[in-house]
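Engineer: next input, structure requested:
(chains A, B, C and D)
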Number of protein chains: 2
Amino acid sequence: MRSELTEKQRRILDFIVECISDQGMPPTLREIAQHFGMRSVRSVQTHLEALERKGAIRRLIGKSRGIEVIGQARRRERGIPVVGQIAAGRPIPAVEDVQEVLNLDVWFGRDERPFALRVQGDSMIEAGILNGDLVIVQPQSMVQPGEIVVAIKENEATVKFFMMKENQPWLVPANARYRSMPLGEGQIVGRVVGVVRRVKHSLHNLQEILHRRETDGQARSAQ
Amino acid sequence: MRSELTEKQRRILDFIVECISDQGMPPTLREIAQHFGMRSVRSVQTHLEALERKGAIRRLIGKSRGIEVIGQARRRERGIPVVGQIAAGRPIPAVEDVQEVLNLDVWFGRDERPFALRVQGDSMIEAGILNGDLVIVQPQSMVQPGEIVVAIKENEATVKFFMMKENQPWLVPANARYRSMPLGEGQIVGRVVGVVRRVKHSLHNLQEILHRRETDGQARSAQ
DNA sequence: AAGTATAGCATACAAATATACGGTTGTCAA
DNA sequence: TTGACAACCGTATATTTGTATGCTATACTT
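Structural biologist: So this is what the prediction gives:
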């Protein structure tokens, strides 16, 4: 759909999105004309008509700044495009096809008020949850076995797998160096629906992995 | 600052924020008047003047819909609160102290146009990047050893650790079952600055971890 | 050759919109 | 009482803005 757009039309659409993003509202026709050095509103008109015809925007008739960008890049002004393919040989990674726009609000249904919790420790490392990660928690008291949950036990919040053992609820870490424990008096706070991590640069991670591999290799050759 | 606002002024400010959030642009004076059943724009004028005087908004003179909401609650309409402590014994997990508001845009400086890429395979599993995860990629051609990078090699995008070996760039997986490979003709697309995962519910993960632990335990007792 | 889409120009006009000036009615503190 | 607000109404005016017409030129398709 967006591929049908002309270069000019695409640039105008980008400008509209940029305006919404930067100054909080769509531009007027004249602001668009001015930005592109056009001396006539008519030019902008035809472009907007084309954009509307191609389904890229919707226009609120009569309203000032009545331009609404349709599609994924809709109202949430900023998002990170999720690409399906990136092509080699392009100057800057050319976004081949934008599959969706990454946005936390949309991802984790914002309606039910989730919250984020910073993970301390490596008890869930085998589930891909590292020390320092943020887990997105959906508050709920009922959870299913196999779900990753946040529970409060002895006044401390912990992230663990949830499972039933002998009809009793248990909290199971994803790290062989930790032990499972019964939920007991603890209470389920919610279910982990997402993980967000900001990757920090440190040689440490790589070195640790290489080291582990070496020792692993030695162990194998020793056997 | 907001506490100085009148009830009416606060409601008008809320309406403005709501408009920006819902229809993507601030309201006109008349839209505000209509919403509150006022029959004169003048009333809205005085309210906006008061709001501006009290520092809640800024006005772009002459511009239609030229209202800009100032302050934290500005344009980032929605975010997920990151909590430091959640308390036991509260009806709904009481957010004790909100440390920050999770927002992808803020987290991964949006200015430099990062994009997201869905990871296929488990070659980075030891770095906590699982199959299906989204990695946030900051486009750049120069990277440091130890950084997780996205590279294109043989027309395929891969996520790997980057390192120098014998003065040559190498791509190193975080999974002992995969092999390192020289970058060779491949090219660096960018650096992984973040990981975002939507946790799917499946017993599989837990079962796999429990199974691994069992076999691990047997191996230990065998030694 | 005719039609259609793109990309411009210029101009006119009506509707939308912000702004300005003046007035009324309360409340509250000095 | 006076003064300073808050919260309204009404009206007038200038500006902004969307919409409507008409024109030129190029490229492409049928």
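Engineer: tell me the SS of A:Ile188?
Structural biologist: Using DSSP: H, G, I helix; E, B strand; the rest coil, the structure places A:Ile188 in strand.
Engineer: what strand or helix carries the residue in chain A that DNA strand C sits nearest to?
Structural biologist: In chain A, the residue that lies nearest DNA strand C is A:Arg42 (2.6 Å; CB to the nearest atom of the strand). The C-beta positions use only the backbone N, C-alpha and C, and glycine is treated the same way. In this assignment (DSSP states H and E), A:Arg42 forms part of helix A:41-53.
Engineer: returning to what we had before: against A:Met142, how distant is the residue of chain A closest to DNA strand C?
Structural biologist: Separation of A:Arg42 from A:Met142 (CB to CB, to the nearest Å) stands at 61 Å.
Engineer: A:Val135 is in contact with A:Val119, isn't it?
Structural biologist: Yes: A:Val135 is within contact range of A:Val119, at 5.8 Å (criterion: CB atoms under 8 Å).
Engineer: break chain A into its domains for me.
Structural biologist: A:2-69, A:110-196 (automatic domain parsing).
Engineer: looking at chain A, which helix or strand does the model trust least?
Structural biologist: Least confident helix or strand, chain A: strand A:98-102 with a mean of 48, by mean pLDDT, DSSP states H and E.
Engineer: just to revisit the earlier point, just the domains of chain A: most buried one?
Structural biologist: Highest mean neighbour count of the domains of chain A: domain A:110-196, a mean of 18 (counted as mean count of other CB atoms under 10 Å in any protein chain shown).
Engineer: mind checking the pLDDT average for that domain?
Structural biologist: Across domain A:110-196, the average pLDDT comes to 85.
Engineer: wait, A:Leu203 touches B:Phe162, no?
Structural biologist: No: contact criterion CB under 8 Å: A:Leu203 and B:Phe162 do not qualify, at 10.7 Å.
Engineer: which residues do these two both contact?
Structural biologist: Common contacts of A:Leu203 and B:Phe162 (CB atoms under 8 Å, 6 or more residues apart in numbering or on different chains): B:Pro145, B:Gly146.
Engineer: which of the three states applies to the residue nearest to A:Ala56 when sequence neighbours are not counted?
Structural biologist: With sequence-adjacent residues excluded and distances taken as CB to CB, 6 or more residues apart in numbering or on different chains, A:Ala56 is closest to A:Leu13, at 5.6 Å. State at A:Leu13, reduced to three classes by three-state DSSP: helix.
Engineer: how about the one 4 residues further on?
Structural biologist: Under the three-state scheme (three-state DSSP), A:Val17 adopts helix.
Engineer: report pLDDT for it.
Structural biologist: 83.
Engineer: before we move on, what about A:Glu96?
Structural biologist: Value for A:Glu96, per-residue pLDDT: 43.
Engineer: can you give me the offset of stretch A:126-142 from its chain's centre?
Structural biologist: Put simply, stretch A:126-142 sits 15 Å off its chain's centre (CA atoms, centre = their mean, to the nearest Å).
Engineer: I'd like the next helix or strand past the helix holding A:Arg42.
Structural biologist: Following helix A:41-53 in sequence order, the next helix or strand is strand A:57-59 (DSSP H and E).
Engineer: does chain B sit close to that next one?
Structural biologist: No: residues of strand A:57-59 contacting chain B under CB under 8 Å from any CB of the partner chain: none, with a closest distance of 10.8 Å.
Engineer: that strand pairs with which strands?
Structural biologist: Strand A:57-59 pairs in its sheet with strand A:67-69 (antiparallel), by DSSP bridges.
Engineer: how far out from the middle of the chain is the partner strand?
Structural biologist: In terms of CA atoms, centre = their mean, the centre of strand A:67-69 is found 23 Å from the chain centre.
Engineer: so where do the strands sit in chain A?
Structural biologist: For chain A, strands defined by DSSP state E occupy the ranges A:57-59, A:67-69, A:80-83, A:98-102, A:115-118, A:134-139, A:148-153, A:156-165, A:168-172, A:181-182, A:187-198.
Engineer: can the shortest one be found next to chain B?
Structural biologist: Meaning strand A:181-182. No: judged by CB under 8 Å from any CB, strand A:181-182 makes no contact with chain B; its nearest approach is 14.6 Å.
Engineer: quick one: strands adjacent to that strand?
Structural biologist: According to DSSP bridges, strand A:181-182 forms sheet pairs with strand A:168-172 (antiparallel).
Engineer: ok so, going back, which ones are touching the residue nearest to A:Ala56?
Structural biologist: A:Leu5, A:Leu51, A:Ala56, A:Ile57, A:Val69.
Engineer: identify the residues contacting A:Asp133.
Structural biologist: By CB under 8 Å, 6+ apart, the residues touching A:Asp133 are A:Arg118, A:Val119, A:Val195, A:Val196, A:Arg197, B:Gly128.
Engineer: look up how far A:Gly121 lies from it.
Structural biologist: In this view, A:Asp133 and A:Gly121 are 11 Å apart by CB to CB.
Engineer: could you do A:Gly66 as well?
Structural biologist: Using CB to CB, A:Gly66 is found at 52 Å from A:Gly121.
Engineer: repeat for A:Arg53
Structural biologist: For A:Arg53, the distance to A:Gly121 - CB to CB - is 56 Å.
Engineer: what's the closest of the contacts of A:Leu13 to chain B?
Structural biologist: A:Val69 (8.0 Å; CB to the nearest CB).
Engineer: list the beta-bridge partners for the closest one.
Structural biologist: Going by DSSP bridges, A:Val69 is paired in beta bridges with A:Ile57.
Engineer: all set now, cheers.
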